[in-house]
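1. Sequence isn't available, so here's the structure alone:
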């Protein structure tokens, strides 16, 4: 098995272009470097050999697979970038702390067939050189590249050796190669067209960032940084240089400056063209929002008057009862105000996809080729445990991403496997293989949704609105292929286990054979060999083994990167009948987006920060490998339901003023929820009510998935054109003053890369910030490029901080080994040490709900966010419908809110850049769990009232009843109006109210105590990972709803239900047998008890198990307990004036 290790420092990973010999016509020769060969053993060790020893052993089959170890020199680069990219995509890169970064060339990734040219481990011809097991060079479609007319097949490494030692002579026919330049040979065999250089002439491209060509004089303008290297950032902002391959192109010979003081470059064709916005705001009708605001004001006044009256009229007969009720009611009023104030300015938004296509994908003078000018998007999918998050669910999510309606060359999907499981790795490889069929099928027939599991389970007519005659045939064939795909995915655990057992048995037999040969006369000892997990190509899996051992456990394994699908070309690549016989794909684009498997390094003794740490590792790796200006993060069970969702989100980012938007949050929609939504799993009140309202302020909060980020905002920078604010009172008292003098002299370009809360200065100097981003120069160099690519089009003078049209039509850089090796280094466990990752950069650490904190930090810097509600749901996922799973999910959210409240992320400490109502919304996020303390007390008050015969007021007078009626009526009216402007149903609003009390008396209360324990006692929080359904067909789709799994969180609600039921029985018994019945107190207590029980009804129903099969014992025990306690209470404290019950009956 051939593999190629890299031991490179970060400074040595920048690539240089190949050097042509201008004096003669000889082919380009690689640099004269010392090459070391080694054999890779089955255990993963490398045994070094000299070249002579290796040549003498090539006749033996034991040494056909060898390793090429190249010294880490910057000039040691491949001859052809595209062949190098094919090599990289077929290699599994590993590395990490105190280990060598290696590129293990994979013969195959999975046991099943692989037939797409972008797929890792794709089948191909072998090299015809004796003793070489390498793959022959191939082009984008997988066809062999044959440099000689004799059709002699040769691999990349052997071709380099021939050019170096044989002077371009073919090893087959011994004739001189007619095409000695490998790039030119690939052109002849239908490869991708080479990009012309910045000056219009064909040149080799630099692999890191771009080949820079100045538009000024030919004198050197290379600006050196303090390390003596070329300063890309300074060149970007201080020259009119032209970007080359993979980034952006400035207009040659013309400045492009949006500053008022500069000479603005405005193409004449844009001045005569009417400007059309990409988005627009749709305000709520005044007939709905005006009464809503009026009722909010009326209810606030009534609440103030009611609380004043309650305080002024105590119940002298039960002061303790009155006092507890007053405290709870004051808190409830305060909590309601915090929840209601941010809802005063709800808005709706609409996008125009036709305008987006016209501006970014239409031929015009600025884009004569008609290629997409949209920026790149990197999509992150996170998974941690294949047992709790089934690989089939994750694979379907990946397939929906690969089939999304967005320029293929601008998409890159990264799968984060935080468990390092081979099962997830091979499932992703199977998904990449099946995408070869599924993605072109979706494009050909415009399939929606593009998740195969959801599509094939649609209950509507699949043939409606399908105009192509071969749709029925294609659908039937793809359905058959998908069924086989599911069988392979579900069979992977057994396949991996059987394969590992077979290889382990072979190792044991070999070890025993060697022991027998060494010790022929001595008794044999038992040979103990670690039971490894084996990959499909017969080598050890570098991640977590099925039988965990040192350096192969969940918290202890190397970093892994595998390019499952290499980056596609920017040219359309259509299928033909010869290669794709399953379905007809003529004139159908068969390209697939880039797909990368990433498992960050984990070692004992390091805090890996759970999901937030995994996301930050993906941010760094993607910045080096694709550097998309925007990032979309999805959970493994949330798939793309609307293939144009990313285009809708891009409308906001690319519109005028879109450069100040940090993220676009999409609503979460769920499948598999029971029709009645017993536990408010859809959460529509929050997603359609609260989030729309926040959209009218500074923007919605980040909810963890379905969010399109601006990469530069994740890096912790301020938004462009940030207004200067005077120091707040708090900062003035603390003596923390910012330097405002330098702001006036900062150019506009530098202001877009500025951190306003930097300790010493407003400006941020990227070349001096390894302390913030780490010591990867490639990562730091990618930051200004990502910022520039994320700017909106400067197609109108009113657009500030824009970029010229057509600047992003240039394809991205091709992958090479040094790039992936650099990506391996930035996902190592030690990279974040002594940096700002997780503190101010990337996802923020220190909270269970890292999503809310991350969004809060961006809003606190002055960024805005947008809520994008599409006509067709953008994303859909699964939610736990089981009561226990739902309570554990709410427990995690509430615990994170408690941590936020006691941290520096408390909204009370927010900066002046955050709007007042937005601050109130974030304050409510941190405070709402504490309502559970008052809520559980208030739920026991009706029972205490019935037990004691007292009530929270002295008597049920007219004033109290009028206040109670007005408060109730205004609440109902507000609910009706909120249903109107949010679009939810009244039943959903009532379900939300019910679960608010269920969660408040169980999970929220536990979260308060857990949060306080962690903060003040240092006790860490552990929470259960929400189980995802594998989508297996069962008799009952909602069988999990009726499963009763006991948890201690159920104790408080059960106690509340039982106590209130008993209290009602006791209160009725006392009143009936009293000499002077107190009916008003009984009615008051019974009314509020029924109010509590009505809210807890879904919880009680969940405890009864399956519908129609309620255990009789539940009813029997409930009745017996209620009757027994009622009789005991009346016997112990009989009504005054009598000691008898029911006439002559004497209680024993």
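-> Good, I have the coordinates. Keep in mind it's a predicted model, so treat the numbers as computed, not measured. Numbering: from 1, shown residues only.

2. contacting residues around residue 1089?
-> 942-943, 946, 1060, 1063-1064 (C-beta atoms under 8 Å, 6 or more residues apart in numbering). The way it works is simple: take the backbone N, C-alpha and C, and place the C-beta from them, glycine included.

3. Now it. Nearest residue, chain neighbours left out?
-> Closest residue to residue 1089 apart from its sequence neighbours, by C-beta to C-beta, 6 or more residues apart in numbering: residue 942 at 4.0 Å.

4. that older thread, and the contacts of residue 1089, which of them are in strands?
-> Counting by DSSP state E, no part of the contacts of residue 1089 is found in strands.

5. Turn the residues you listed into JSON lines, columns for distance to residue 1049, neighbour count and pLDDT.
-> As requested, these are exported to JSON lines (distance: C-beta to C-beta, whole Å; neighbours: other C-beta atoms under 10 Å; pLDDT from 0 to 100):
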{"residue": "942", "distance to residue 1049": "22", "neighbour count": "27", "pLDDT": "89"}
{"residue": "943", "distance to residue 1049": "21", "neighbour count": "24", "pLDDT": "89"}
{"residue": "946", "distance to residue 1049": "26", "neighbour count": "28", "pLDDT": "86"}
{"residue": "1060", "distance to residue 1049": "19", "neighbour count": "24", "pLDDT": "90"}
{"residue": "1063", "distance to residue 1049": "23", "neighbour count": "25", "pLDDT": "88"}
{"residue": "1064", "distance to residue 1049": "25", "neighbour count": "21", "pLDDT": "87"}
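
6. and those, which of them are in helices?
-> Among the contacts of residue 1089, the ones falling in helices (DSSP state H) are 942-943, 946, 1060, 1063-1064.

7. Any chance of these in TSV with distance to residue 996 as columns?
-> Below are the ones in helices among the contacts of residue 1089 laid out as TSV (distance: C-beta to C-beta, whole Å):
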residue	distance to residue 996
942	18
943	20
946	24
1060	18
1063	22
1064	23
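
8. Where does residue 466 fall, secondary structure wise?
-> Per DSSP states H and E: residue 466 is located in neither a helix nor a strand.

9. Would you confirm that it contacts residue 448?
-> No - using C-beta atoms under 8 Å, residue 466 makes no contact with residue 448, being 11.4 Å away.

10. For the stretch 551-700 of the chain, which segments count as strands?
-> 559-565, 594-599, 630-635, 639-640, 661-665, 669-671 (DSSP state E, counting those that start in this stretch).

11. Mean pLDDT and mean neighbour count added to the ones you listed, as JSON lines?
-> Converted to JSON lines, those look like this (pLDDT from 0 to 100; neighbours: other C-beta atoms under 10 Å):
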{"stretch": "strand 559-565", "mean pLDDT": "92", "mean neighbour count": "26"}
{"stretch": "strand 594-599", "mean pLDDT": "95", "mean neighbour count": "27"}
{"stretch": "strand 630-635", "mean pLDDT": "95", "mean neighbour count": "26"}
{"stretch": "strand 639-640", "mean pLDDT": "96", "mean neighbour count": "28"}
{"stretch": "strand 661-665", "mean pLDDT": "96", "mean neighbour count": "27"}
{"stretch": "strand 669-671", "mean pLDDT": "92", "mean neighbour count": "19"}
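
12. Now the most centrally placed residue in the chain. Nearest residue, chain neighbours left out?
-> Taking C-alpha atoms, centre = their mean, the centroid of the chain lies closest to residue 633, which sits 2.5 Å from it. Distance criterion C-beta to C-beta, 6+ apart; nearest residue to residue 633, sequence neighbours excluded, is residue 380 at 4.4 Å.

13. Just the residues contacting the helix or strand harbouring that neighbour, thanks.
-> Assigned by DSSP H and E, residue 380 falls within strand 377-383. Applying C-beta under 8 Å, 6+ apart, the contact partners of strand 377-383 are 389, 394, 397-398, 401, 406, 410-419, 424, 611, 614-615, 618, 622, 626-636, 646, 650, 708, 711.

14. in its sheet, what does that strand sit against?
-> strand 411-417 (parallel), strand 630-635 (parallel) (DSSP bridges).

15. Select, out of those, the one closest to residue 586.
-> Smallest distance to residue 586 across the strands paired with strand 377-383 (C-beta to C-beta): 23.6 Å, for strand 411-417.

16. between that closest one and strand 559-565, how many degrees?
-> Relative orientation of strand 411-417 and strand 559-565, computed by axes from the mean of the first three to the mean of the last three C-alpha atoms, to 10 degrees: 140 degrees.

17. quick one: average confidence on the helix or strand following strand 411-417?
-> As assigned by DSSP H and E, the chain's next helix or strand after strand 411-417 is helix 422-445. Taken as a whole, helix 422-445 has an average pLDDT of 93.

18. on that earlier part again, relative to residue 931, which of the ones in helices among the contacts of residue 1089 is nearest.
-> Closest approach between the ones in helices among the contacts of residue 1089 and residue 931, by C-beta to C-beta: residue 942, at 18.0 Å.

19. my guess is the closest one meets residue 1082, correct?
-> No - counting by C-beta under 8 Å, residue 942 stays clear of residue 1082, with 10.9 Å between them.

20. Contacts only, for the residue nearest to residue 375 when sequence neighbours are not counted.
-> Distances taken as C-beta to C-beta, 6+ apart put residue 629 closest to residue 375, at 4.1 Å, once the chain neighbours are dropped. Residues near residue 629 by C-beta under 8 Å, 6+ apart: 375-377, 710-712, 786-787, 789-790.

21. any idea how far the nearest residue to residue 281 once chain neighbours are set aside is from residue 529?
-> Leaving aside its sequence neighbours, residue 281 sits nearest to residue 347 (C-beta to C-beta, 6+ apart; 5.5 Å). Remark: distance between residue 347 and residue 529 (C-beta to C-beta, to the nearest Å) = 65 Å.

22. who's more crowded, the two?
-> Using other C-beta atoms under 10 Å, the more surrounded residue of residue 347 and residue 529 is residue 347, with 17 against 13.
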